[in-house]
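S.K.: okay, structure incoming, though there's no sequence with it:
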């Protein structure tokens, strides 16, 4: 009987990164018959998209797709998942690589049932990075409700000295405060690199005042402020006073298309800001929204989303680059100085909340040498059976990243087939 | 088949503290005569699992009911041989975590949950995969960049490919361009399209069978077993393939509609594709009189981003314009080049290319709208611009105007319906028209004569807005409504060459995966790996055609009388046909009208004077049910009168279940599923919408039975809104209490 090379292969594929791109690559390859080892450095799968409120252009929640992908993972015996895991070394020859993976301690074992008894007794708190630091969790915590694996994790840095409350509270003996980092090695036929991105550090853009004034937030943070299970239960409010803002200014290309910061366009920020403008208006129909932009870049069918939002929400678009943002004396408001290019003059706008459309920076830390990085920091290619996908390759939106992850899975499958054929 | 049932009740995660676990054991033993009943304080732990595995190994049990956490939790612990029937009772998230401890109503909820699962497991039959001889060949339709890439990639993955191109030559639009924009750093110069090498990669591969000047006259069958008839000249050949990649590409927007930008006015107004020919011939002169080009103007968005023409952005035109401006810079550096644009859409790393071209001293990029294009007697073209950066109207006199003509998918050719040969044309046409009407998706069945599917629901891939057979799903870009047929490249959505190459690889991956699923007798996405499929008790079929019309994936064909014929590998196992069938003759071995009816029957309905109403919640497994789990995880509380039945899709809910429930005295029924409408979130495209429509009809029936139609509701749940779910449920309960008890109680 016919048996495909993928199921005859003795070596799995390594997928580095458990965000939407990596999960997709892992699943697509596994559903075609490949064995896959998926490593993710955070304690859960889903990556950045897991914390987003809505996707453009459908305005649908990312956890919907995440749930389907998790169902696929749970049904698929061919995927092995390691969270809190980072690649240390990847060496070898085409079709046969040795991957060394460092797994950091979670301090909570597979026995965990997610019953929350540990968190109930935990006396210590930590800033919740999932909620952009706007809320706190206990030192032992479940990152979010769709966390997979559904298992708690302990932030040891946040623990009180010598505290063992969680150990005693756990009926299932799932807490192990003595857990040590582990090293695991895998022989793999190929690797998919899907290490994703991080937002550009907005505090490096001096003139935009981020970090100086509380009511300047980034587009990434706004996603948590808008999420129903976020720190404000989905009420978009000013960090300074908890009040809903009346005037909101979006600053496009905050860092992007700027030779001093990111010389490229981050591709997704225009559509992201229009999405955010759309849900802001839905929450507060009287909100006055101004978007300062250089070019509106919403290619393909996103154009229809753009024209719909502009029409429905009555948003003011100003072609111009923002030069400076300063706090208004004696209020928490902000004054935005920009050049209005079409009118050829300088204007000053006032806002209760400023959203910086910060760009995408490729996340390449921890990758072994041997990957060619272009002048912008994106991985442009590599020798051997390595396939690069998602935002570490170039700035792209979710649908494009998924497409790319699917294509990368094919590359890895081809490597597996070659390794079987060559014996 | 008689099963040896084992019921295992976990007391962990506060279950034993909240409810009387022994009472559950009694129910299993006495009401359902379950031979093996055990409790354990930590069922998912090594000891608990060893107990279950021991009973299986001793053949004491062969079907398991595990009353513990949600079936979505601990899936790595509760793993057993696939031949074991496994049913999980959600005591944790949906009973004890979301309701009062040691409370009579919570106890009743737990007992009913167990009864419902015990009733179900008795009816479930083990699954066997759908049989079939599976072809591992991939058919690639279209020999342009996407199709060439797809054919080579499939063959290099060890799967044979058949490549069909309607033109004489391979290469598509790539053959018409002099160069292509850069795809890698430094992103400063255009490059060769490498077309000869791309063609060679395909033609030299012995595992790719190339057919040029060839059309597809008929595609019939199903994934793994498509039979495709090709016509090359006078010759016909038939090929069995496993999956199909539709890389049928694009054509430029109709120039006849570009008169408003001066096309046709003068030979000195050309499209971007025509300019490629000028560039290829290095004829850097005015087409009308051969005068050297001293000034050239590019007009962007010629048809694109315009609701009267193409409502979308064609994506590639800005970068293509940069490339063409660069041709001029290189070959005639003195020529002034103007680009009139609304937004320069050169996203990502193309930014550097934009900067490079913009920095040339003879390049002028002008934001503005073209209001008029005229020709004067000298052959010059006069272009009037409004809303320029200087806020004024300006006129430019140029030698040549290049229109950035947009991209139209070939799938919108809109030719006369090309009917399958065997079917009587009148019959097929009426079927297609009927399906189109009932499915309510406008334009979904515009036939174009590309694939010529011998499908009951039409001949081509259903199209989304704007004529692209694109996916509606952000997370699942290859989802089409025809299983095993994957659109790729510019046929799927406007995209540049680099994206089209990636897209080809992704589509081939999906095609290979589909073949492998078919080989294993399993469903593809989203119920990937599911081995159940519907069977039809045809003796009772009345040929009403509801199933064949409402299947979102065109999985069912019909014979002359209208009897449905299933193609299992086209089926996504959603059960929408089961929900549609008024005769209730469609069943899966583990999901059927009868199985759900027995679950409903297992719910204890207290007498009216007990003042304990009961409502049923049919919840979509993909969205609503996980959201309710999340509510439990957050310890949100809701009314304990609810009894939850997870369903594959709201579209699979057969209205007879609602009648069953109400006739048993259940006070209300709520259906919770995914959002529908243009931006639907239903993973089966139309399920939640169909359920809503069917319920409208049921409400009318209720009125005739003197029952309040308000006893039935259908709600849409967005998953991250799980925090609002308890209020939705409690709100419905409050309305039901207000209406009062169901008068059919006790009958």
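M.R.: Received, thanks. Computed from a predicted structure; not experimentally measured.
S.K.: make it CA atoms for all contacts and neighbour counts henceforth
M.R.: Will do.
S.K.: the helix or strand hosting residue A:73 - contacts with which helices or strands?
M.R.: In this assignment (DSSP states H and E), residue A:73 forms part of helix A:62-75. On a contact count with 3 or more CA pairs under 8 Å, 6 or more residues apart in numbering or on different chains; DSSP states H and E, helix A:62-75 meets helix A:20-31.
S.K.: longest helix of chain B, counting residues only.
M.R.: Assignment by DSSP state H gives helix B:497-519 as the longest helix of chain B.
S.K.: just want the angle from it to helix A:20-31.
M.R.: 40 degrees (axes from the mean of the first three to the mean of the last three CA atoms, to 10 degrees).
S.K.: tell me which strands whatever helix or strand comes next after helix B:497-519 pairs with, and in which orientation.
M.R.: Later in the chain than helix B:497-519, the nearest helix or strand by DSSP H and E is strand B:535-536. Paired neighbours of strand B:535-536 in the sheet (DSSP bridges): strand B:586-587 (antiparallel).
S.K.: gap between the helix holding residue A:73 and the chain center?
M.R.: Centroid separation for helix A:62-75 versus its chain: 16 Å, with CA atoms, centre = their mean, to the nearest Å.
S.K.: and if you look at stretch B:382-389?
M.R.: Computed by CA atoms, centre = their mean, the chain-centroid distance of stretch B:382-389 equals 43 Å.
S.K.: run through the stretch 251-400 of chain A and note the low-pLDDT ranges.
M.R.: Residues of the stretch 251-400 of chain A meeting the criterion pLDDT under 70: none.
S.K.: chain B contacts on that one?
M.R.: A:257, A:263-267, A:295-304, A:341-344, A:374-375, A:380, A:394-396, A:398-399 (CA under 8 Å from any CA of the partner chain).
S.K.: where do the strands of the stretch 451-600 of chain B begin and end?
M.R.: Applying DSSP state E, counting those that start in this stretch to the stretch 451-600 of chain B gives strands spanning B:485-487, B:535-536, B:556-558, B:564-566, B:586-587.
S.K.: turn the ones you listed into TSV, columns for mean neighbour count.
M.R.: Formatted as TSV, these follow (neighbours: other CA atoms under 10 Å in any protein chain shown):
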stretch	mean neighbour count
strand B:485-487	29
strand B:535-536	16
strand B:556-558	21
strand B:564-566	19
strand B:586-587	22
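S.K.: okay, those strands in JSON lines with mean pLDDT and distance to residue B:315 next?
M.R.: Output for those, formatted as JSON lines (pLDDT from 0 to 100; distance: least, CA to CA, whole Å):
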{"stretch": "strand B:485-487", "mean pLDDT": "97", "distance to residue B:315": "18"}
{"stretch": "strand B:535-536", "mean pLDDT": "96", "distance to residue B:315": "46"}
{"stretch": "strand B:556-558", "mean pLDDT": "94", "distance to residue B:315": "37"}
{"stretch": "strand B:564-566", "mean pLDDT": "95", "distance to residue B:315": "40"}
{"stretch": "strand B:586-587", "mean pLDDT": "98", "distance to residue B:315": "46"}
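S.K.: which among the residues of the stretch 251-400 of chain A next to chain B count as buried?
M.R.: Burial by neighbour count, judged by 16 or more other CA atoms under 10 Å in any protein chain shown, picks out A:257, A:263-267, A:295-304, A:341-343, A:380, A:394-396, A:398-399 from those.
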